[in-house]
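Peer 1: Need coordinates for the following:
(chains A and B)
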Amino acid sequence: MDISLPLDQIQSSFKFACSLINPTVFKQKFRLSDEFSLGRRRCRAPIAKFRCAFLDQGLRPRPMPKPREKEENNLKENGYLEERKLKKPNLGVGICSQIEKLVLCKRYNEALELFEILEINDDIDVSFDTYDAAVGACIALRSIRGVKRVFNHMLNSEVELDLYMMNRVLLMHVKCGMMIDARHLFEDMSERNSVSWNTIIGGLVDSGDFFDAFRLFLMMWEDSSNVCSRTFTTMVRAAAGLELISPGQQLHSCALKMGATEDVFVSCALVDMYSKCGSIEDARFVFDMMPEKTTVAWNTVIAGYALHGYSEEALSMYYEMQDSGVKMDHFTYSMIIRVCTRLASLQHARQAHAGLIRNGFGYDVVANTSLVDFYSKWGRIEDARNVFDRMPRKNVVSWNALISGYGNHGRGAEAVDLFERMVDQGMVPNHVTFLAVLSACCHSGLSDRGWEIFESMHRDYKVKPRAMHYTCMVELLGREGLLDEAFALIGSVKPTINMWAALLTACRVHKNFELGKYAAEQLYGMGPEKLSNYVVLLNIYSSSGRLDEAAAVLQTLKRKGLRMLPACTWIEIKKQQYVFFTGDKSHPQTKEIYVNLDNVKLQLSKHGYVPQRNNLLPDVDEREESMLLHHSEKLAISFGLISTPSSTPLQLAQSHRICNDCHNAIKLISTVYKREIAFRDGSRFHYFKEGRCSCGDYW
DNA sequence: TTAGGGTTAG
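Peer 2: Below is the predicted model of the structure:
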């Protein structure tokens, strides 16, 4: 970060940095609409221009009130005028003040309903205060209909809006996502202040039009009197949205020179920007420099660590935050519970759960959803259910988390029940819901129900099945041995690697070598340079006893210089990483490890765990095969990642998830290459991305 | 009058 430049140099370099943003590229990238030109015109009567824009959109305001002169003369003649004059202000003032009161009480819907009365009574004078309240209701409800109604009324009444009200109207359009109208409004404003600029730029950033936001900011920069700390906050968010550190750094420099970094909002935005742009060190630097660290500042830096997979650092910051005495909020707990899920730390998660309740956030939907996810992922589905049942409000993510949990526990019927209950309660399922419930059906062998749900996805819920749903169905059909149906399903869509892989697995299980070979070749054809595709092809050949063809694949591999790395698992214990390859005996405590593994194997068998034998590999003895097959779960158990040695589907699934263990590849490579090709490739160790068990991409 | 941080799957 170069922050030593003089201000004028910073300004010019900032402009240069922004000019580097190629409009064409950005328009393509962000699918921007036609270039937004900011007119220099000034309109003396802005409301007249709004009317034109309004009519251009095909909207027709109600007829203007007719002159009442004739009517009043008639009334005067009949002696009614005095009565009317008395009634008019009473009715109008009553409704208007009622609207204002309803908005104050946050009864926005009722306020807008009452506003309808104003529409049908032309003779009620509406004050700015009432319009302001109605605008507030529209913003709170994000009601486009409300915006049209209130704005229409303003147009009809021909009221001259002052700058404050113009900004409110602008904000109303921005908040309701009506950015085209907002742009027209902004363009036609005869007077603008920093609020007007910040509002429109903020709207552009919120709607993802980062490039337009930068362009407008540069225009604003020309008249720097309008630029304030809130502008920097918004623009830093734009840089974060673009994930471009260079404009972010320039903004940081400008903000420093203008003293804007003293604003806690700017600093928080900078912390967020640096972490989103991949520089957690700079994020931490900005955080450390903050004289006053607010809850949001702590949350932002914790979120930054969590985003980059630094779960332990995130947890450590969480405890530092606790020690600092800063109040934690529902954001803090949501994040930290998610971090605990990654760390598989029941102890910390329980503490966070207790803190959540103790500090009065026990009803927060997001934090509770994190808890449901945590408990269901770590073998405590009943705890997950308890948390879920006690949630006063649930959103689709909460339902998805629990359905997914039941599915992973092999409790498919309960997952389906939950899905049906969710629909009964009026919750709209999304593509994640269907993935969870289809996957649950798949793991529990509920093929008919799975197929029914799959068919209803688009028909009843208008959720178009994606590739992952088709993959799930291929797996489901494949498990049932319906290989031709699975093949036909793949043929009905654009096949993906995962679909062929699922079919290949089914073919191996059901010994359909011809179709399996075809699937493997398709897989091979979709990514010829990917080692994993050679491995599965090699696997299918050797599995079907076609050793010559398997040898040919090996030759191809050799010719292309692709090396197969042996399967490995690595584990971090107290910041020390331990790496194990298949059949590895190089660790100084190998003897103890294998004794432990044998104990685990014994305990597993006592719990009824029967290793799945692979009858396609004749030259591997049973002991070795069993060891290879369950390498990951045994390691996970022996290092305490799985609390008890049992064979519940969840625990096995978790161990595979942690160790990313690919059984077939391990077996194949250890069979074909034996131990002598096992080597430690130091360059692969950079996959220690999250410091937990992981496996290289080359599988 | 405008602003910063969070959940499911992949």
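Peer 1: Any stretches of chain A with poor pLDDT?
Peer 2: A:1-92, A:528-533, A:536-537, A:539-540, A:543-544, A:563-582, A:609-699 (pLDDT under 70).
Peer 1: Leaving out the residues flanking it, which one is nearest to A:K276?
Peer 2: What sits nearest to A:K276 in space, not counting adjacent residues and going by Cβ to Cβ, 6 or more residues apart in numbering, is A:A240, at 4.4 Å. The way it works is simple: take the backbone N, C-alpha and C, and place the C-beta from them, glycine included.
Peer 1: From A:Y541, how far out is that neighbour?
Peer 2: Applying Cβ to Cβ, to the nearest Å, the value for A:A240 to A:Y541 is 50 Å.
Peer 1: I'd like the domain boundaries of chain A, if you could list them.
Peer 2: A:46-189, A:568-687 (automatic domain parsing).
Peer 1: what's the residue in the stretch 451-600 of chain A that DNA strand B sits nearest to in contact with, if anything?
Peer 2: Of all residues in the stretch 451-600 of chain A, A:M468 sits closest to DNA strand B, with a separation of 4.9 Å (Cβ to the nearest atom of the strand). Contacts here follow Cβ atoms under 8 Å, 6 or more residues apart in numbering; on that basis A:M468 touches A:435, A:498.
Peer 1: Tell me the secondary structure of it, please.
Peer 2: Counting by DSSP: H, G, I helix; E, B strand; the rest coil, the backbone at A:M468 sits in helix.
Peer 1: any idea what A:M172 is structurally, helix, strand or coil?
Peer 2: Classified using three-state DSSP, A:M172 is helix.
Peer 1: Around DNA strand B, pick out the residues from the stretch 301-450 of chain A.
Peer 2: Residues of the stretch 301-450 of chain A that fall close to DNA strand B, judged by Cβ under 7 Å from any atom of the strand: A:303, A:306-307, A:329-335, A:338, A:341, A:361, A:364-367, A:369-370, A:373, A:377, A:395-398, A:400-401, A:404, A:431-433, A:435-436, A:439.
Peer 1: now swap in the stretch 451-600 of chain A and tell me
Peer 2: Within the stretch 451-600 of chain A, the positions near DNA strand B by Cβ under 7 Å from any atom of the strand are A:M468.
Peer 1: which residues in the stretch 451-600 of chain A form helices?
Peer 2: Assigned by DSSP state H, counting those that start in this stretch, the helices in the stretch 451-600 of chain A fall at A:467-479, A:483-491, A:497-509, A:513-526, A:531-543, A:547-560, A:590-606.
Peer 1: And for the stretch 301-450 of chain A?
Peer 2: For the stretch 301-450 of chain A, the helices defined by DSSP H, counting those that start in this stretch cover A:311-324, A:330-343, A:346-358, A:365-377, A:381-390, A:396-408, A:412-424, A:431-444, A:447-461.
Peer 1: State the next helix or strand along the chain beyond the helix or strand harbouring A:G94.
Peer 2: Element membership for A:G94, per DSSP states H and E: helix A:81-104. Next in sequence after helix A:81-104, counting helices and strands by DSSP H and E, comes helix A:108-120.
Peer 1: what comes up buried for that following helix?
Peer 2: The neighbour-count check on helix A:108-120 (16 or more other Cβ atoms under 10 Å) flags A:108, A:111-112, A:114-115, A:118 as buried.
Peer 1: Dump those residues to TSV, plus distance to DNA strand B.
Peer 2: As requested, the buried residues of helix A:108-120 are exported to TSV (distance: Cβ to the nearest atom of the strand, whole Å):
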residue	distance to DNA strand B
A:Y108	14
A:A111	17
A:L112	18
A:L114	22
A:F115	19
A:L118	22
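Peer 1: ok, so of those, who is nearest A:D125?
Peer 2: Proximity of these to A:D125 was ranked by Cβ to Cβ; the top entry is A:L118 with 9.7 Å.
Peer 1: Tell me the spacing between the closest one and A:S157.
Peer 2: Note on A:L118: its distance to A:S157, by Cβ to Cβ, is 9 Å.
Peer 1: joint contacts of those two?
Peer 2: Common neighbours of A:L118 and A:S157, counting by Cβ under 8 Å, 6+ apart, are A:V126.
Peer 1: Report the contact partners of A:A440.
Peer 2: So A:A440 contacts A:403-404, A:406-407, A:411-412, A:415-416, A:446 (Cβ under 8 Å, 6+ apart).
Peer 1: wait, A:A303 sits on A:V271?
Peer 2: No: between A:A303 and A:V271 there is no contact under Cβ atoms under 8 Å: 9.0 Å.
Peer 1: residues near A:L315, how many?
Peer 2: Residues near A:L315, counting by other Cβ atoms under 10 Å, number 21.
Peer 1: cool, and the one 3 residues further on?
Peer 2: A:Y318 sits with 26 neighbouring residues when counted by other Cβ under 10 Å.
Peer 1: same deal with the one 4 residues further on?
Peer 2: The local packing count at A:Q322 equals 15, with neighbours defined by other Cβ under 10 Å.
Peer 1: Please apply the same query to the one 10 residues further on.
Peer 2: Using other Cβ under 10 Å as the criterion, A:T332 is surrounded by 26 other residues.
Peer 1: Also A:Y518?
Peer 2: Residues near A:Y518, counting by other Cβ under 10 Å: 17.
Peer 1: List of residues touching stretch A:170-185?
Peer 2: A:33, A:36, A:50, A:53, A:57, A:135, A:138-139, A:142-144, A:146-147, A:150-151, A:166, A:169, A:186, A:189, A:196, A:199-200, A:202-204, A:206-207, A:209.
Peer 1: Now that we have those, which of them are buried?
Peer 2: Buried by 16+ other Cβ under 10 Å: A:36, A:50, A:53, A:135, A:138-139, A:143, A:146-147, A:150-151, A:166, A:169, A:186, A:189, A:196, A:199-200, A:202-204, A:206, A:209, out of the contacts of stretch A:170-185.
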